[in-house]
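A.B. asks: Structure, please.
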Amino acid sequence: MLTDVDAQTVVVAGAEFGWGSSGKLGAILSALRKRSPWPLRFVGLASGLGRPVLSEHGIDRWYDLPNTDDDDLPGAVAAITRSERAGAAVVVLDGVVAKALEASGVPTVFVDSLPFMWSRGDLAALPLDATVYCAQKCVELPPECLDVLASVRTLRWVEAVVGTPPVAARGATATTTAEAARPYRTALVTLGGLRSPSLADWTSYPRIVVPAVLEALAAFGIHEAHVAGNLPADLAGQLVDASITPPRVTTGALSHGEFLDRVAGCDVLLTSPGLTTLLEAGDLRVPTICLPPQNLSQIFNGRFHTHAIGAPTRVTWPKGVFTEEEALSLRSRGEDHALALIYAGIATAAADADGRATGVALRDDILTALRRAAEGGIDWGALTATLGVDGAAQVADSLLAILPSTRPAA
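C.D. replies: Predicted coordinates for the structure are as follows:
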């Protein structure tokens, strides 16, 4: 009989930038368990932000790491992989950790879910020599990304990496035609991970957006709403208590499986436009409102979603906060330059009478987007259908192919 000692050890890690990478890791781990012909055990590196999302996926042990700019990081990764006898690794978006794993002799599958983001200013941060570099298909690839991807040694395009809810939940939601008009009574609000490592005060975004969302939902006639994300309970309570809300509002973080169940069961999803969330909601054909972007990638994601579904259900920031065109123009110098503009604009708006002026404008725009979504006639699965949904299996197969050829002994 095989034991944990006999199992092949796979190291997993995700970027500390929202929860999208952890959601993708969850989907990949599920696919690996289904497809592997031999037992696997999983060891996690860093990913402190995403650990609650992965709580149901059986990570055997988690290791904290030094900061990504710390000279001790490669040595720490090497020591962990030696002690754990790591056979291979899968890393979502964290290029520094992927490089450290490769330097430690661990063949690594790097999953790049944002290949449309990069310019030559980002080259140093990407693991161009990863054993397998899986880039998720995208709606559009800007010209400045082509040189970056041409530098990748083993580029492999994969379909969207999305989690799969229970069959019963999928059957209750998925359709093959444009969504028909129907009353909305329940809503799910999700703000992603929020805590970017380069963001000094991550509370600015929810302090502006959550009250605006709840006021719009109440005005629209929503009866029940859940606010998901890693908001501390005290902050979530303050935001709910200070707002005009639907009759029943709950808050709290959700594991990946719980999140998919909630999406499948709600009438409408309101989300900061993280790509994983948009793709998973699209797979379920759930009506979706894109809230204002938290970062650079979410500008692209919201635009991709709007273009795919062909309906104006995306909310943008008022021009006084920042303009998307200026943020996009700064990316040629590297993502950090664009993020500085975005974060500063949101922080300034939050400090202006507690963000009330901006919040009122957002409330009105969210209400308009809800009304448009409720009219029906929208194919909510269009973005996901464009990219496909087999990415998790494709990444899993890439990883299984690079595990050491010696199988565990029985």
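
A.B. asks: Correct me if wrong: Ser151 contacts Ala130.
C.D. replies: No. Between Ser151 and Ala130 there is no contact under CB atoms under 8 Å: 11.7 Å. Placement of C-beta: from N, CA and C, glycine included.

A.B. asks: between the two, what contacts are shared?
C.D. replies: Here Ser151 and Ala130 have no joint contacts, going by CB atoms under 8 Å, 6 or more residues apart in numbering.

A.B. asks: So for the two, which sits in the more crowded spot?
C.D. replies: Ala130 (25 against 15; other CB atoms under 10 Å).

A.B. asks: Contacts only, for the nearest residue to the more buried one once chain neighbours are set aside.
C.D. replies: Spatially, and ignoring its direct neighbours in sequence, Ala130 is nearest to Phe110 (4.1 Å; CB to CB, 6 or more residues apart in numbering). Contact analysis of Phe110 by CB under 8 Å, 6+ apart lists Val91, Gly95, Ala98, Pro127, Ala130, Val132, Tyr133, Cys134.

A.B. asks: Quick check: mean pLDDT of the host helix or strand of Phe110?
C.D. replies: In the assignment (DSSP states H and E), Phe110 maps to strand 108-112. Averaged over strand 108-112, pLDDT sits at 97.

A.B. asks: Next: stretch 29-40.
C.D. replies: 93.

A.B. asks: just how off-centre is it within its chain?
C.D. replies: In terms of CA atoms, centre = their mean, to the nearest Å, the centre of stretch 29-40 is found 23 Å from the chain centre.

A.B. asks: now stretch 72-81
C.D. replies: The answer for stretch 72-81 is 26 Å, by CA atoms, centre = their mean.

A.B. asks: For it, C-alpha coordinates in CSV please.
C.D. replies: Extracted C-alpha coordinates of stretch 72-81, given in CSV (Å, rounded to 0.1, in the frame of the first residue of the first chain):
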residue,chain,number,x,y,z
ASP,A,72,18.1,35.0,1.5
LEU,A,73,15.2,33.9,-0.6
PRO,A,74,17.1,31.5,-3.0
GLY,A,75,18.8,29.8,0.0
ALA,A,76,15.6,29.4,1.9
VAL,A,77,13.9,27.9,-1.2
ALA,A,78,16.8,25.5,-1.8
ALA,A,79,16.8,24.3,1.9
ILE,A,80,13.0,23.6,1.8
THR,A,81,13.1,21.8,-1.5
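
A.B. asks: Sort out which residues of it are buried, please.
C.D. replies: Leu73, Pro74, Ala76, Val77, Ala78, Ile80, Thr81 (16 or more other CB atoms under 10 Å).

A.B. asks: nearest to Trp118, of the contacts of Phe110?
C.D. replies: Gly95 (10.1 Å; CB to CB).

A.B. asks: That closest one: neighbouring residues, count only.
C.D. replies: Look at Gly95: counted by other CB under 10 Å, it has 20 neighbours.

A.B. asks: residue contacts, it?
C.D. replies: Counting by CB under 8 Å, 6+ apart, Gly95 has contacts Phe110, Ala125, Leu126, Pro127.

A.B. asks: show me what contacts Asp267?
C.D. replies: Taking CB under 8 Å, 6+ apart as the test, what Asp267 contacts is Arg182, Pro183, Tyr184, Arg185, Thr186, Ala187, Pro287.

A.B. asks: possible to save those residues as TSV with distance to Ala233?
C.D. replies: Output for those, formatted as TSV (distance: CB to CB, whole Å):
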residue	distance to Ala233
Arg182	33
Pro183	31
Tyr184	27
Arg185	26
Thr186	22
Ala187	20
Pro287	28
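
A.B. asks: List the ones among those residues that fall in strands.
C.D. replies: Thr186, Ala187 (DSSP state E).

A.B. asks: So of the contacts of Asp267, which two are at opposite extremes in space?
C.D. replies: Arg182 and Ala187 (13.5 Å).

A.B. asks: Show me which of the two is the more surrounded one.
C.D. replies: Ala187 (26 against 10).

A.B. asks: what's the spacing between Pro39 and Ala327?
C.D. replies: Distance of Pro39 to Ala327, computed by CB to CB, to the nearest Å: 46 Å.

A.B. asks: Those two: who's more crowded?
C.D. replies: Ala327 (21 against 15).

A.B. asks: domain assignment for the chain?
C.D. replies: Residue ranges for the domains of the chain, per automatic domain parsing: 4-162+389-402, 167-387.

A.B. asks: worst average pLDDT in the ones you listed?
C.D. replies: Among the domains of the chain, domain 167-387 scores lowest, at a mean of 87.

A.B. asks: Figure out how far that domain is from the centre of its chain.
C.D. replies: With CA atoms, centre = their mean, you get 12 Å for domain 167-387.

A.B. asks: Same question for stretch 40-58.
C.D. replies: That offset, for stretch 40-58, works out to 15 Å (CA atoms, centre = their mean).

A.B. asks: what sits against Ala233?
C.D. replies: By CB under 8 Å, 6+ apart, the contact set of Ala233 is Thr251, Gly252.

A.B. asks: likewise Leu231?
C.D. replies: Taking CB under 8 Å, 6+ apart, one finds Leu191, Leu194, Pro206, Val210, Leu239, Thr251, Ala253 in contact with Leu231.

A.B. asks: ok, now Gly87?
C.D. replies: Here Gly87 is in contact with Gln8, Thr9, Val10, Val106, Leu403, Pro404 (criterion: CB under 8 Å, 6+ apart).

A.B. asks: got a pLDDT number for the fifth one?
C.D. replies: It stands for Leu403. 91.

A.B. asks: Surely it and Val11 touch.
C.D. replies: No. The pair Leu403 / Val11 is not scored as a contact, 11.6 Å apart, by CB under 8 Å.

A.B. asks: in a helix, that's where Phe259 is, yeah?
C.D. replies: Yes. Counting by DSSP: H, G, I helix; E, B strand; the rest coil, one finds Phe259 located in a helix.

A.B. asks: what's the neighbour count on it?
C.D. replies: By the criterion of other CB under 10 Å, Phe259 has 22 neighbours.

A.B. asks: mind listing the strands for the stretch 51-200 of the chain?
C.D. replies: 59-63, 86-92, 108-112, 132-136, 155-158, 186-190 (DSSP state E, counting those that start in this stretch).
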